[in-house]
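Participant: sequence unknown, structure follows:
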């Protein structure tokens, strides 16, 4: 064999979604007219370019009356006129509803387009009374309908700028506002929803959810989605009926912000308002108490410890909650107990109830990753112990970790080259800067994968892969002297920047947004048997992480011997193993879940996820991926945005996918006071039933992660 080994798997992330995309409106060039569009002669495209009066349109538009922004009256508009506040402050605008427009060419060919609305933007020049069209949005209505504004106002002029190109939203099917809502009213007492279809009566328990609840404190807005105040949700299912509750997690950060009516606790992406009472010496002192310096806003996940439930983020502070009332009961400081400065948001709960998690600790020789074991029982935290430690690759740059892996014999630590800079952390404490400012990405360094022996805590194997960023591991298992590791990967951590609130608000104008957010599920196959002494066999070119070039040689044959595996692994001259993954599915698959109770760390066939492709035909798609046959099934509904799909097995499951998928769901396009629970047959991803809660007292934002708490009698 003589071929180049390195075909960068980053190319996976440049692929378009496997969904069938919605047709995008063509670019439209307009000239100055008064109330009419003039198609170019001979151009029969749905939205053709328009030049100076070549032909007469089949239907002329009425003259539109305009009024100043401050006297803009909603009553004068038809019901589907919408307001867009994302335009820069130097503009004011009026948005007019148009349901259908017909354009005929001189040749007699008719074509149709269905822009929903035209935005008329007033130039910053106050002496210019004209408005210019800046955007067209797609819709599917049939009738031509032009809006006249207040008839008692003086008639104004409008015109179209011949240099302005009109485009619809870049991602017309993605309503990012489902993440940007702020809960205004907690629902403390359970309310009953409206059930449609049939929710299986054997489902008996509560779907607990955690995630962003409010991006505002007083008049201030958080900078990043991960800063949002944690909001807990509970869907209680009993005998085919469902009730709903939601309450804020009463963390110290939440209570302090609420009392001050502003941000006074620094979050992941938002610096707090300066505290005039805190001296530089107090900030220096906080360096020695990481838990005091970090926010305890645990807004990521929920996990059980025996029969108690705790909310997690990366801070070493977790919160015990009441799984029935959603009350916040107790705060546990794991830094004080075990000396960890942070930990992952996703511990693993074993079949016997034992819980493992990975944290970062500081030893005499420098920072190290440590594996904490919480044995199942009444005093899980009192009996916890460190069962493994692994020094970080770089003493001043430990890796950022959101989760880890576990198999029958190994703990798996994936050390990605997104790191937490220790010098930057010190600076951030002194200068009151957010945590995200401390993250440093090394694109020319490898991702290292470590296998640690669960029996004695010793490092057994080290593997290298091309640099990638990840948040979630799908699953991992051992088979025929290999470890299979499935990860939802990204080319780099730009998706974290995509979750800044301003970035999310402006995504429709950012042609690179979808590419920056592009992730794919990849499978790495790690061989456990390989030659300790290298033989000079065939040479392969591989990637040199130091020079960022294809330069050094890989020695030997592919070490992966699994049947039908497209993943490869080769020996490097220094004795380490370089792994190249295979693509599991050409869809963005985020918040992946499996049949956790039976298949955590063992061979499996299916996982379930949400589509993370914002440019897909339906970004709210739920996905079931068959990793054996490389096939997929999906469920989607227009304008519906489901949460992380959680698999709940049937009472006596006969197959891996014998059960249901539970997902909370919210609605887009302004339908904010509306939440629901979706129940799918996990075998075919067909809907069995749902329960909707409408006309709630306030908006419901989309959530992140959760757990199904089975009711015990």
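Facilitator: That came in fine, so what should we check first? Just so it is clear, the model here is predicted, and its values are computed rather than measured.
Participant: Confirm for me that residue 605 is in contact with residue 630.
Facilitator: No: using CB atoms under 8 Å, residue 605 is not in contact with residue 630, being 11.1 Å away. C-beta here means a position set from N, CA and C on the backbone, and glycine is covered the same way.
Participant: quick one: buried residues of stretch 418-432?
Facilitator: 418-422, 424-425, 428-429 (16 or more other CB atoms under 10 Å).
Participant: Looking at those residues, which are in strands?
Facilitator: Using DSSP state E, the subset of these located in strands is 418-420.
Participant: and which of the residues you listed is nearest residue 251?
Facilitator: Nearest to residue 251, judged by CB to CB, of those is residue 420 at 21.6 Å.
Participant: For beta bridges, what are the partners of that closest one?
Facilitator: residue 439 (DSSP bridges).
Participant: likewise residue 196?
Facilitator: Beta-bridge partners of residue 196, counted by DSSP bridges, are residue 690.
Participant: Contacts only, for it.
Facilitator: Going by CB atoms under 8 Å, 6 or more residues apart in numbering, residue 196 touches 689-692.
Participant: Quick check: it vs residue 316, distance?
Facilitator: Going from residue 196 to residue 316 by CB to CB, to the nearest Å gives 44 Å.
Participant: before we move on, what about residue 455?
Facilitator: Plainly put, residue 455 is 27 Å away from residue 316 if you go by CB to CB.
Participant: Between the two, tell me which one has more neighbours.
Facilitator: residue 316 (24 against 10; other CB atoms under 10 Å).
Participant: Quick check: the more buried one touching residue 294?
Facilitator: Yes: using CB under 8 Å, residue 316 makes contact with residue 294 at a distance of 7.4 Å.
Participant: Identify the contacts common to the two.
Facilitator: Shared contacts of residue 316 and residue 294, counting by CB under 8 Å, 6+ apart, come down to residue 342.
Participant: In terms of residue numbering, what are the domains of this protein?
Facilitator: Following automatic domain parsing, the chain resolves into domains at 25-167, 176-710.
Participant: between the buried residues of stretch 418-432, which is nearest residue 309?
Facilitator: Closest to residue 309, out of all of those and judged by CB to CB, is residue 420, at 27.9 Å.
Participant: Is that closest one in contact with residue 439, as I believe?
Facilitator: Yes: between residue 420 and residue 439 there is a contact at 6.4 Å, judged by CB under 8 Å.
Participant: any residues in contact with both of the two?
Facilitator: Listed contacts common to residue 420 and residue 439 are residue 400; contacts here mean CB under 8 Å, 6+ apart.
Participant: Return the set of buried residues in stretch 507-521.
Facilitator: For stretch 507-521, by 16+ other CB under 10 Å, it's 507-508, 513-514, 516-521.
Participant: go on, stretch 188-197?
Facilitator: Of all the residues in stretch 188-197, those buried under the rule 16+ other CB under 10 Å are 193, 195.
Participant: what's the answer for stretch 704-713, then?
Facilitator: Buried-residue list, stretch 704-713, by 16+ other CB under 10 Å: 704-709.
Participant: do the same with stretch 695-704
Facilitator: Buried residues in stretch 695-704 (16+ other CB under 10 Å): 696, 699-704.
Participant: tell me the mean pLDDT over that stretch?
Facilitator: Summarised as a single mean, pLDDT over stretch 695-704 is 97.
Participant: got a list of contacts for that stretch?
Facilitator: With contact meaning CB under 8 Å, 6+ apart, stretch 695-704 is reached by 178-185, 187, 209-214, 228, 231, 233, 246, 299-301, 591, 641, 643-644, 664, 666, 672-675.
Participant: What's the end-to-end length of it?
Facilitator: 23 Å (CA to CA, to the nearest Å).
Participant: do the same with stretch 662-675
Facilitator: This stretch, stretch 662-675, spans 14 Å end to end (CA to CA).
Participant: Also stretch 322-337?
Facilitator: Stretch 322-337: ends 23 Å apart by CA to CA.
Participant: Could I get the buried residue list for it?
Facilitator: For stretch 322-337, by 16+ other CB under 10 Å, it's 323, 326, 328, 332-335.
Participant: before we move on, what about stretch 387-400?
Facilitator: 387-388, 390, 392-394, 397-400.
Participant: Stretch 213-226 too?
Facilitator: Within stretch 213-226, the residues that count as buried by 16+ other CB under 10 Å are 213-215, 217, 220-226.
Participant: Out of those residues, which comes closest to residue 250?
Facilitator: Nearest to residue 250 among these, with distances taken as CB to CB, is residue 213, at 11.6 Å.
Participant: Okay, and that closest one sits in which element?
Facilitator: Assessed by DSSP states H and E, residue 213 sits inside strand 205-214.
Participant: cool, residue 256 as well?
Facilitator: Assigned by DSSP H and E, residue 256 belongs to helix 252-260.
Participant: list the buried ones in that helix?
Facilitator: For helix 252-260, the neighbour count (16+ other CB under 10 Å) marks 253-254, 256-258, 260 as buried.
Participant: what would these look like in JSON lines with pLDDT and distance to residue 487?
Facilitator: Shown next, in JSON lines, are these (pLDDT from 0 to 100; distance: CB to CB, whole Å):
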{"residue": "253", "pLDDT": "96", "distance to residue 487": "31"}
{"residue": "254", "pLDDT": "97", "distance to residue 487": "32"}
{"residue": "256", "pLDDT": "96", "distance to residue 487": "37"}
{"residue": "257", "pLDDT": "96", "distance to residue 487": "35"}
{"residue": "258", "pLDDT": "96", "distance to residue 487": "38"}
{"residue": "260", "pLDDT": "95", "distance to residue 487": "40"}
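Participant: and of those residues, the nearest to residue 499?
Facilitator: For the buried residues of helix 252-260, the nearest to residue 499 is residue 253 (18.6 Å; CB to CB).
Participant: Could you find the closest non-adjacent residue to the closest one?
Facilitator: Of all residues not flanking residue 253 in the chain, residue 265 sits nearest, at 4.1 Å (CB to CB, 6 or more residues apart in numbering).
Participant: ok now do that neighbour, which residues does it touch?
Facilitator: 252-253, 256-257, 272, 295, 297.
Participant: Number of residues surrounding the nearest residue to residue 272 once chain neighbours are set aside?
Facilitator: Once flanking residues are discounted, residue 272 sits nearest to residue 266: 4.5 Å by CB to CB, 6+ apart. For residue 266, the count of nearby residues is 21 (other CB under 10 Å).
Participant: Could you check which helix or strand contains residue 266?
Facilitator: Per DSSP H and E, there is no helix or strand for residue 266.
Participant: still on that earlier bit, ok, residues contacting the helix holding residue 256?
Facilitator: By CB under 8 Å, 6+ apart, the list of residues contacting helix 252-260 reads 217-218, 229-230, 248, 263-265, 267, 273, 295-297, 331.
Participant: just stretch 333-344 next, same as before
Facilitator: 289-291, 294, 312, 314-318, 357-362, 370, 372, 381, 384, 386, 401-404.
Participant: First-to-last residue distance for it?
Facilitator: One end of stretch 333-344 sits 14 Å from the other (CA to CA).
Participant: as a whole number, average confidence for that stretch?
Facilitator: Rounded mean pLDDT across stretch 333-344 is 94.
Participant: Same question for stretch 499-519.
Facilitator: 94.
Participant: going forward, begin numbering at 54 instead of 1
Facilitator: I'll keep to 54 as the first residue from here, and by that count the last item is stretch 552-572.
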